[in-house]
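Visitor: Let me see the structure of the following:
(chains A and B)
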Amino acid sequence: MRPLSNIPLHESAFLSRVGGERSFRRRLMEMGFVPGTEVRIVNVAPLGDPLELEIRHSRISIRRREAEHLLVSP
Amino acid sequence: MASQAMVTSRPLVALAGNPNTGKSTLFNRLTGSRVRVGNYPGVTTDRRSGLLQIEVREPLELLDVPGTYSLVSRSAEEQVAIDALLGLGKNRRPDLVIVCVDATQLLRNLYLVLQLQEMGLRLLVALTMVDEAGDLLPPPSYLEAALGCRVIPVAVPREIGVSDLIEGIETELSTPSPEPRWCFGPSAKLRMDLDAVLPHLPADWPQLEALALWALMSIDSGDELANIPEDLRLSVRNRERPGLEIDDEVIEARYRWLDREIGPLLRGHPPRTWTGRVDRVLLHPVWGFAAFILVMFLLFQSLFSWSDPVITGIERLFASGGMGLAAVLGPGILTDFLVDGVIGGVGSVLVFLPQILLLFFFLGLMEDSGYLARIAYLMDRIMRTMKLHGRAFVPLLSGFACAIPAIMATRTMERRRDRLLTMMVVPLMTCSARLPVYTLIIASLFPPTLVWGFIPIQPALMVGMYLFSVTTALLAAWVLSKTVLQAGESALILELPPYRLPRIKDVVNMMWERARYFLSEAGTMILVCTIVLWALLSFPKHPYVDEPGLVVSATSDVTLQRHRQGEALRRSYGGQLGRFLEPVIAPLGFDWKIGIGLIGAFAAREVFVSTMGIVYNVGSEANEKSTTLREAIRGETRADGKPLYTPLTGLSLLIFFALACQCLSTLAVVRRETGSLRWTGFLLFYMSSLAWISSFAVYQGGRLLGFG
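Guide: Here you go, the predicted structure:
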């Protein structure tokens, strides 16, 4: 298991644990970030942060710091 | 009362859904222009409702519930959705809920549908964006069977399905609703928690297990919810299981069901080719920022320059209207009241309209096309160092034109804390009303020469004032976020929706709604304040006694007139207040006459110029380019015969105008948008203190160093 923030751009991985502060992770999970879901980083904002993620065919942007709490496995 | 009773007896239909699902477009299509905009009780979140005409029955009331991904809430603003949908507190319970479900984002959108089903609400799913989904759309009948609820495909821009939907609303209201297929079965542990919380739900809430679950997931030590009884809070705090485990169990169960029951119906997703291509340019490190600067330049240019002829036109219209009325009525107190107080006051409200309309037109285009989300994405890295929301950029930029539309634009941010922080610093930006004041002071007191042989001092000072305002605004944001607005800084979760062509109808609709809202809510307050200020500077009326010798020496009637005007102002309540204030502002290098100017400037900062014109007997028509006013300023002396206005006094005055919250209209709008007198008072207090301390430091420091 690795933090999502360490996964190279465009490489798919599967969520295994969603961490972070409660209301943040709850909202993220409610938007479809539940364990077992495929996720990948599709873009990084020009200034290096935040990240653009693709999950369940939608694009959600979160910051690198929070992406460190999303653990994924290949 | 009779009309109130009629309104409440109408069936209420609520329109809910995720953000970016075309909900507002559908709302506008169904209600036409018969829309009422207000606030939900206790918060400043738009409550839009309108009438939906149906052929065979009385009209229905349609309520636009703010877009949300889930009913679970962490703030009073998010709570609006559940309150409105379940009729909690002062809300009326809807008879039917239409849920907008984006056909290209089925699973995530249906998550909200499951929550609504758990709450036992009568539902009708409006499947939007079906034109984008095309052949990939699962047959609605399959979805109906899988969900146990009516599903009607619509695409408003192409007029697809609208009449089916209206028909569907009618059938749903008159027939028993089908049984939903989804049913949440809690684990044994969660069952115990639910049973423990259920008896503590407020008596006027529906006694639903789903609401107990909502409480378990929403209430926390860090939430910002409103109207949660302490008893309920306590019962949630005493739960057996950690909150995280409850969240995991419930959310995963819903998605598991969706993946199993709905997943197989999906036939793929429309590719994001078009959006991807645009994003490759608009989010590019070089082209993205170039495009961003261009868009922002256009926005700024329109607020700053394009609105100017209209603003001048409004001012001229009201001035000539006032003069016309004065000519008809003849001189007298009533004439003065009507012309200077009422007509002038209405004019001072209406001058804000061009900029408000323009800004909200641009904001509407950016929001509906999806670009506003990209701005937040691009600017987040920069804005968050100042603890500001990425979306705060547009309001801050608009603040260079005028704080009023800028403060209204903070509604594009969902969280109250982000809005408050932006509202507290927007008035520090150099708005266009400060420019005449800066021009007058700089041109009067600083020589048109070069410093160090190559920098022209006057333009350099003007640029310096702009840089100063940006720096102070960002610093103030940082300090406020570390002190009074410290709590609840939150992580970013930002959806980047596909680009869509905005519908001009929706954009124009929103623009007029905002303008109407401004006129009815803030406009009246600005009008009253302007009239009070006018009275302060016009009364008491003294029988005027000319200074001995003046009449003889006066070369013309005009001069005499100006001396009388000046004397009347200096003796008014405002003039007395200026003298009263003198000890307070003397350490900044100002005398009581400047004090009168500062009081007059509360109507709008540029009024400082014409007020000083009256005070110095050069007439109210003096503007910042008037040479007589500049000479009068240079000629003013202190009691000891030294000139009052030195470059140091000028600098102190510039700093004061940059920082002080000298604008009644700003305060009126902040009062409306925060819904709080405390925050309005805080804004006035912190900006005034900052201005006083800074001017004091500049003036006294300068004197210690031997300047002035």
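Visitor: Residue B:641: how many residues sit nearby?
Guide: 6 (other CB atoms under 10 Å in any protein chain shown). To be clear about C-beta, it is placed using only N, CA and C from the backbone, and glycine gets the same treatment.
Visitor: got the phi/psi numbers for it?
Guide: phi 90, psi -10 (degrees, to the nearest 10).
Visitor: sec struct for residue B:51, please.
Guide: Recorded secondary structure, residue B:51: strand (DSSP: H, G, I helix; E, B strand; the rest coil).
Visitor: Hmm, it is touching residue B:27, no?
Guide: No. Judged on CB atoms under 8 Å, residue B:51 makes no contact with residue B:27 at a distance of 11.8 Å.
Visitor: Compare the two (neighbour count), which wins?
Guide: residue B:27 (24 against 18).
Visitor: if we can go back for a sec, find residues that contact each of residue B:51 and residue B:27.
Guide: Listed as contacting both residue B:51 and residue B:27 by CB atoms under 8 Å, 6 or more residues apart in numbering or on different chains are residue B:62.
Visitor: So what are the sheet partners of the helix or strand containing residue A:14 and their directions?
Guide: Taking DSSP states H and E as the definition, residue A:14 sits inside strand A:13-18. Taking DSSP bridges as the criterion, strand A:13-18 forms sheet pairs with strand A:38-44 (antiparallel), strand A:70-73 (antiparallel).
Visitor: Return the set of buried residues in the shortest one.
Guide: Just to be clear, that refers to strand A:70-73. Judged by neighbour count using 16 or more other CB atoms under 10 Å in any protein chain shown, the buried positions of strand A:70-73 are A:70, A:71, A:72.
Visitor: Of those, which is the nearest to chain B?
Guide: Chain B lies nearest to residue A:70 out of those, by CB to the nearest CB, at 11.6 Å.
Visitor: what residue ranges in chain A are flagged as low confidence?
Guide: Scanning chain A for pLDDT under 70 picks out no residues.
Visitor: tell me which element the closest residue to residue B:342 other than its chain neighbours falls in.
Guide: In space, residue B:342 comes closest to residue B:531 once its chain neighbours are excluded; the distance is 6.8 Å by CB to CB, 6 or more residues apart in numbering or on different chains. Element membership of residue B:531, judged by DSSP H and E, is helix B:524-538.
Visitor: what's in contact with that helix?
Guide: B:336-337, B:340-342, B:344-346, B:348-349, B:568-569, B:572-575, B:577, B:596, B:599-600, B:602-603, B:611, B:664-665, B:668, B:671-672.
Visitor: so how far is it off the chain centroid?
Guide: 24 Å (CA atoms, centre = their mean, to the nearest Å).
Visitor: follow-up on the earlier one: distance check, the residue nearest to residue B:342 against residue B:346.
Guide: Using CB to CB, to the nearest Å, residue B:531 is found at 10 Å from residue B:346.
Visitor: okay, now the nearest residue to residue B:304 once chain neighbours are set aside: neighbour count?
Guide: Once flanking residues are discounted, residue B:304 sits nearest to residue B:401: 5.0 Å by CB to CB, 6+ apart. Taking other CB under 10 Å as the criterion, the count of residues near residue B:401 is 26.
Visitor: Please name the residues that touch residue B:401.
Guide: Contacts of residue B:401 (CB under 8 Å, 6+ apart): B:300, B:303, B:304, B:307, B:355, B:431, B:432.
Visitor: doesn't it fall inside a strand?
Guide: No. Per three-state DSSP, residue B:401 lies outside any strand segment and is coil.
Visitor: Next one: it from chain A, what distance?
Guide: According to CB to the nearest CB, to the nearest Å, residue B:401 stands 26 Å off from chain A.
Visitor: May I see the buried residues of the strand holding residue A:14?
Guide: Residues A:13, A:15, A:18 are the ones in strand A:13-18 that count as buried (16+ other CB under 10 Å).
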